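Trainee: My questions concern the predicted model and sequence given below.
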Protein chains: 2
Amino acid sequence: MEKSQKNIGQSDENCPVRKSLKLLGGKWTLLILFQINERVLRYGELKRCIPGISEKMLIQELNFLVEHKLVSKKSYPEIPPKVEYRLTTLGLNTLPIVDRLAAFGLENLNEQPIL
Amino acid sequence: MEKSQKNIGQSDENCPVRKSLKLLGGKWTLLILFQINERVLRYGELKRCIPGISEKMLIQELNFLVEHKLVSKKSYPEIPPKVEYRLTTLGLNTLPIVDRLAAFGLENLNEQPIL
DNA sequence: TATTGTACTTACTTTTAGGTTAGAATTATT
DNA sequence: AATAATTCTAACCTAAAAGTAAGTACAATA
């Protein structure tokens, strides 16, 4: 194989799957994006949407998502505080991934407690 | 809200996204499925396809994938050993997910070292 | 003045994932 | 007799991810 030839089927650091996974591969990441979806959700609502997540993890993930421009955040100067989260355009672009994930789950992981 | 009403937008343990993530959410899982794809690959080839993975992780993941019926394994009684891996029907069903992941990476994570 | 609601923050501990290194098995080759 | 080739195993260790629990801020409300 020549040096100049493309490394077909080789997943180096520039592999798009790897890059996506680095951004979206967290335990809660895609689930949170899925829950926000096309809605506008307050922090508390979101928390109720994802039973089992700890406040720490939720905030941590949300900060990460805002930092990486997948989610935008709007705080209202009120007491008690009010904060809204929604997907950015980039965040919306992840929805096809989550949709496939959901479809796979529905079609292939019915009932059976696999793990 | 009535008790009998569906918990719309609520991600409990039966949420298909959560179930899929439980099965496919490992660091290397989707990448390995992506690499195998529609090919038939020997262990060594696969290893070369995924620079950076350790032998331990690769074997561990492959065992996991075989155990969960996403990948099938065929050993030839030869010395030195020869083992082939390929996707099962279930494994092939995950490819749309990886495709979306790849597309997202290509379309949104160009060049910029985000992480 | 005590309590409630909301969105966090901090410190600490535990769990899990992942990495490293070495080695086993077996036959052909040098 | 040593080496290579290939697929895997086992022991150990570290670092990152995640969980737990408590606390903060501030005004409204009771």
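Mentor: That came through, no problem. Numbering: from 1, shown residues only, chains lettered A, B, ... in the order given.
Trainee: Which element, helix or strand, includes the residue nearest the centre of chain A?
Mentor: Within chain A, the residue whose C-alpha comes closest to the C-alpha centroid is A:L30; the distance, by CA atoms, centre = their mean, is 2.8 Å. Mapping A:L30 onto the secondary structure by DSSP states H and E places it in helix A:29-36.
Trainee: quick revisit: state the distance from the residue nearest to the centre of chain A to B:L46.
Mentor: Taken as CB to CB, to the nearest Å, the spacing of A:L30 relative to B:L46 amounts to 25 Å. For the C-beta atoms, the positions are set from N, CA and C on the backbone; glycine is no exception.
Trainee: Counting by contacts, list what the helix holding A:L30 packs against.
Mentor: helix A:16-24, helix A:43-49, helix A:55-67, strand A:82-87, helix A:95-108, helix B:16-24 (3 or more CB pairs under 8 Å, 6 or more residues apart in numbering or on different chains; DSSP states H and E).
Trainee: The third one and chain B in contact?
Mentor: This points to helix A:55-67. No - for helix A:55-67 and chain B, the contact criterion (CB under 8 Å from any CB of the partner chain) is not met; the two come no nearer than 10.0 Å.
Trainee: quick revisit: okay, the helix holding A:L30 in PDB with CA atoms only?
Mentor: Extracted C-alpha coordinates of helix A:29-36, given in PDB (Å, rounded to 0.1, in the frame of the first residue of the first chain):
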ATOM      1  CA  THR A  29     -25.300  13.300  27.100                       C
ATOM      2  CA  LEU A  30     -27.600  11.900  24.400                       C
ATOM      3  CA  LEU A  31     -30.300  11.200  26.800                       C
ATOM      4  CA  ILE A  32     -30.400  14.900  27.900                       C
ATOM      5  CA  LEU A  33     -30.400  16.100  24.300                       C
ATOM      6  CA  PHE A  34     -33.200  13.700  23.600                       C
ATOM      7  CA  GLN A  35     -35.300  14.900  26.500                       C
ATOM      8  CA  ILE A  36     -34.800  18.600  25.700                       C
END
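Trainee: what is the rounded mean pLDDT of it?
Mentor: What helix A:29-36 shows for mean pLDDT is 95.
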